[in-house]
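Colleague: Next come a sequence and a model predicted from it.
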2 protein chains.
Amino acid sequence: MPPIKPHTLSGFMELLPEEQTMMQRLMDTLRQSYALYGFTPLDTPVIEAADVLLAKGGGETEKQIYRFQKGDSDLALRFDLTVPLAKYVALHCNELTFPFRRYQIGKVYRGERAQRGRFREFYQADIDVIGDGKLDIMNEAEIPAVIYRTFHALGLDRFRIRVNNRKVLNGFFAILGLTEQAGDVMRTVDKLEKIGPDKVRAILIEDFAVPAAAADELLSFLSCPGSSAEKLSFLETYRGRNEVFDAGLTELATVVNYMDAFGVPEANFEVDLTIARGLDYYTGTVYETVLTDHPEIGSVCSGGRYDNLAEYYTDRTLPGVGISIGVTRLFYVLQEQKMLSGEILTAPADAVVIPMGADCLPFAVETATVLRTAGVRTQVYFEERKFKQKIGFADRSGIPFALIIGGDEAAEGVAGVKDMTTGEQRKLAPADAAEHILAALEARKNCRVIED
Amino acid sequence: MPPIKPHTLSGFMELLPEEQTMMQRLMDTLRQSYALYGFTPLDTPVIEAADVLLAKGGGETEKQIYRFQKGDSDLALRFDLTVPLAKYVALHCNELTFPFRRYQIGKVYRGERAQRGRFREFYQADIDVIGDGKLDIMNEAEIPAVIYRTFHALGLDRFRIRVNNRKVLNGFFAILGLTEQAGDVMRTVDKLEKIGPDKVRAILIEDFAVPAAAADELLSFLSCPGSSAEKLSFLETYRGRNEVFDAGLTELATVVNYMDAFGVPEANFEVDLTIARGLDYYTGTVYETVLTDHPEIGSVCSGGRYDNLAEYYTDRTLPGVGISIGVTRLFYVLQEQKMLSGEILTAPADAVVIPMGADCLPFAVETATVLRTAGVRTQVYFEERKFKQKIGFADRSGIPFALIIGGDEAAEGVAGVKDMTTGEQRKLAPADAAEHILAALEARKNCRVIED
């Protein structure tokens, strides 16, 4: 009996090879899409000094954080990528060029109660644009374009990017005379989709002393129907009554008006006045992204504008706008919903070279070298087994092409190239085999991760 | 005054954007090269149960490990990628196809004493081939090919892959009657390059009671000169005196004889009988890789054959062969030695679109959308600044092309495309600009990370 039972901690995703290949394709797509918008890749330590990570302190964060001593050091694992970014920008601000655009895809840690679909270690994929002192509203208008191109590149078409503006909400609360309860009202409004308008109304009136008329006007405001343009027209009817509202409305209109130039189709974008995105962090445009056919999943890509990224580390004002994709959760959901493409090539190789005996080994190796030089991902099956077991290996591992090399083939300088899907076999010289395989697999290599 | 001074822990690498882009190119090259040999990507948790990680226990590992409690769980951060692989293979062995070939590039943690060039968090890039029950020697012969192609793809030409075989060493120790002291002798031999033959001789004789004649024969054996073929001929003179030696020699000869078929040039490969690679783990071929012009760096890629990957977790015999690159240290050394290519494009974008005023903003955004769709990594400079500051942004951020769009250009549907290196400027429609930029940058995008 071996001394230790191997196991992986609960709440920690560990994928089988085929799944992992799919996950990597997904993350590569994110990287490429983010890079197209001029975001630079960043990597920061997983471990930071606890006082740095917890500078803001309090709340859920402190309870969930992985924190420990090592020697005299009080350390913690990052629980998001935003706090490390704040530290990074504050620390290196004299070496960075602003606006600073970075993406980061990395693991973060939260010791949440373990349950299905909840992870304690998970990847986030973030982008942020950080300004020095100020940051133009056009940066907020560009974010939906990044979201659109990214999800489109992943293979999704049926999704909606919902935007709102916190100034519009706060301004409207002020118009209704609810400035004092703004936090509570915002929090309650955030539950609208979950608990419905009747319960929201009841909570507003009973718990937070909102006058019935104000609650009604608020709910009617939030449920304003129509296209984004129609919602803007509706909001215009309130213009002139509150400065914050007016500023927010102008911003929101700018965002909406540039969607076309940014290449975002109307079907994938809408103004949604109910989007609030929590309480104290966001100050301008806020974003959520929902899958049209799976609203139950909630938002798969969210974020917004904030006015001061790094106030705990520096006196410099660093406003920014950013979004985050919870990659591990997204992958989990896509798997659950069977939305991952069956076309994607998840085998460890494109081809496996199978020498039939020791005498054909040198030619088999040469063939593999030619294939690799041509860019074909190639294994050689070196183990001494019966032919059936050798060809069975190609089958089991899902490798799409087997190159069978016996004495005759080696003497002729060719391989029996077998398409494992169709069973079709043809004799080809190594260089021709490489070309044949690359051409046959091109479509599968370019196919998108998600089948919508 | 902000409450917290931002800082990054000592021993934790945190790169500036240009450096990070270079690092990412380096890691992408590793991934592509490993994939060409049919290794599948793997990702395992950074945190594991401490009893799993420390199954083998003892030694330096236990002292250096980051270990902590969370709730009732005794947890630890992985200190290499081999133990998690052993756990993974033992745990999932019924779902894997053998030989199982995986690569993994990930962060590992060791609480070493902090000093220049030593890291507590660092990337390793590992490949391993794991057999079920047995694994053919040809898998060992293939490893130098992976090393060669990988370092060549990185841009290095002047490096040598040194191989030896532990059975040859152990067999030779037996021939000399040193089997009992084999461990001590191996450890002493490992220091040959560092302390020289005289000191090794003295230690062998004085500390480990090796007879002077045996010590002399061992040192003369180890310093055997000549090409790999000549060394093999020399070793053949000992054949027939010890079974383990004979088996090792046959293996070593197989490895050497296949180098040509695997495409490894003679200049990059040699048999080196002094390579021992530590004590108790490796059982067959062992590998080291040194930069010809920087022997002081030591081996940048090492590994070997082992007989039982996962004995602490399973009764199944899982022999394997693998190598590891210490990526963080390699990157650090390449930086120190100024070996990173100056040609590599490390800017966050290929082009920055600069609208001169609010009226040309829509056309500027449309231009950016066209560029991105064509695959040009594009930023738009949205901030309201003077022209000099706008063009200064392109300069400071190293973005190679600026597309200047004033009212005239917007009306004409063109951009003033400025090559920031030459200062040359021409008016082009967005699609033509995209083509022009992609063509101009092709060489820099394909250039290798290292200048040898």
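Modeller: Right, received. Where do you want to start?

Colleague: What does A:Glu424 show for phi and psi?
Modeller: A:Glu424 adopts backbone torsions of phi -60, psi 140, taken as degrees, to the nearest 10.

Colleague: ok, it touching A:Ala402?
Modeller: No. Counting by CB atoms under 8 Å, A:Glu424 stays clear of A:Ala402, with 11.4 Å between them. Bear in mind the C-beta positions are built from the backbone N, C-alpha and C, glycine included.

Colleague: Show me whatever sits in contact with both of those two.
Modeller: Taking CB atoms under 8 Å, 6 or more residues apart in numbering or on different chains as the contact rule, A:Glu424 and A:Ala402 both touch A:Lys418.

Colleague: which SSE is the most centrally placed residue in chain A in?
Modeller: In chain A, the residue lying closest to the centroid (CA atoms, centre = their mean) is A:Ile325, at 3.2 Å. According to DSSP states H and E, A:Ile325 maps onto strand A:320-326.

Colleague: That strand - contacts with which helices or strands?
Modeller: On a contact count with 3 or more CB pairs under 8 Å, 6 or more residues apart in numbering or on different chains; DSSP states H and E, strand A:320-326 meets strand A:121-130, helix A:138-154, strand A:282-291, strand A:302-306.

Colleague: What lies in contact with it?
Modeller: Identification of contacts with strand A:320-326 by CB under 8 Å, 6+ apart yields A:30, A:80-82, A:122-131, A:135, A:139-140, A:143, A:146-147, A:150, A:284-285, A:287, A:300-306, A:309.

Colleague: More neighbours: which of A:Glu424 and A:Ala402?
Modeller: A:Ala402 (23 against 9; other CB atoms under 10 Å in any protein chain shown).

Colleague: after the helix or strand hosting that one comes which helix or strand?
Modeller: In the assignment (DSSP H and E), A:Ala402 maps to strand A:401-405. Using DSSP H and E, the next helix or strand after strand A:401-405 towards the C-terminus is helix A:407-412.

Colleague: quick one: that following helix to chain centroid distance?
Modeller: Computed by CA atoms, centre = their mean, to the nearest Å, the chain-centroid distance of helix A:407-412 equals 50 Å.

Colleague: what's the answer for stretch A:356-376, then?
Modeller: 39 Å.

Colleague: now check it, is it near chain B?
Modeller: Yes. For stretch A:356-376, a contact with chain B is found by CB under 8 Å from any CB of the partner chain, at A:361-362, A:365-366, A:369, A:372-373, A:375-376.

Colleague: With stretch A:59-70 instead?
Modeller: Yes. Counting by CB under 8 Å from any CB, chain B has neighbours in stretch A:59-70: A:66, A:68-70.

Colleague: Return the subset of these lying in strands.
Modeller: Counting by DSSP state E, the part of the residues of stretch A:59-70 next to chain B found in strands is A:68-70.

Colleague: so can I have TSV of the helices and strands packed on strand A:320-326 showing distance to chain B and mean pLDDT?
Modeller: Converted to TSV, the helices and strands packed on strand A:320-326 look like this (distance: least, CB to the nearest CB, whole Å; pLDDT from 0 to 100):
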stretch	distance to chain B	mean pLDDT
strand A:121-130	5	98
helix A:138-154	4	98
strand A:282-291	14	96
strand A:302-306	13	96
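
Colleague: Please save the CA atoms from stretch A:106-124 in CSV.
Modeller: Provided in CSV are the C-alpha atoms of stretch A:106-124 (Å, rounded to 0.1, in the frame of the first residue of the first chain):
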residue,chain,number,x,y,z
GLY,A,106,-3.8,34.9,-13.4
LYS,A,107,-4.9,32.7,-10.5
VAL,A,108,-6.5,34.3,-7.4
TYR,A,109,-7.5,32.8,-4.1
ARG,A,110,-10.6,33.0,-1.9
GLY,A,111,-11.3,30.5,0.8
GLU,A,112,-15.0,30.4,0.1
ARG,A,113,-17.3,27.7,1.4
ALA,A,114,-16.8,24.8,-1.1
GLN,A,115,-19.8,24.1,-3.3
ARG,A,116,-20.4,22.9,-6.8
GLY,A,117,-19.2,25.5,-9.3
ARG,A,118,-17.5,27.6,-6.7
PHE,A,119,-13.7,27.7,-6.7
ARG,A,120,-11.1,28.7,-4.1
GLU,A,121,-8.4,29.0,-6.7
PHE,A,122,-9.6,30.5,-10.0
TYR,A,123,-8.3,32.4,-13.0
GLN,A,124,-9.4,36.0,-13.6
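
Colleague: Buried ones in it, by neighbour count?
Modeller: Neighbour-count burial for stretch A:106-124 flags A:106-111, A:119-124 (criterion: 16 or more other CB atoms under 10 Å in any protein chain shown).

Colleague: Need the contact partners of that stretch.
Modeller: Counting by CB under 8 Å, 6+ apart, A:9-13, A:27, A:43-44, A:46, A:63-66, A:77-81, A:104-105, A:324-329, A:332-333, A:336, B:45-47, B:70-71 sit against stretch A:106-124.
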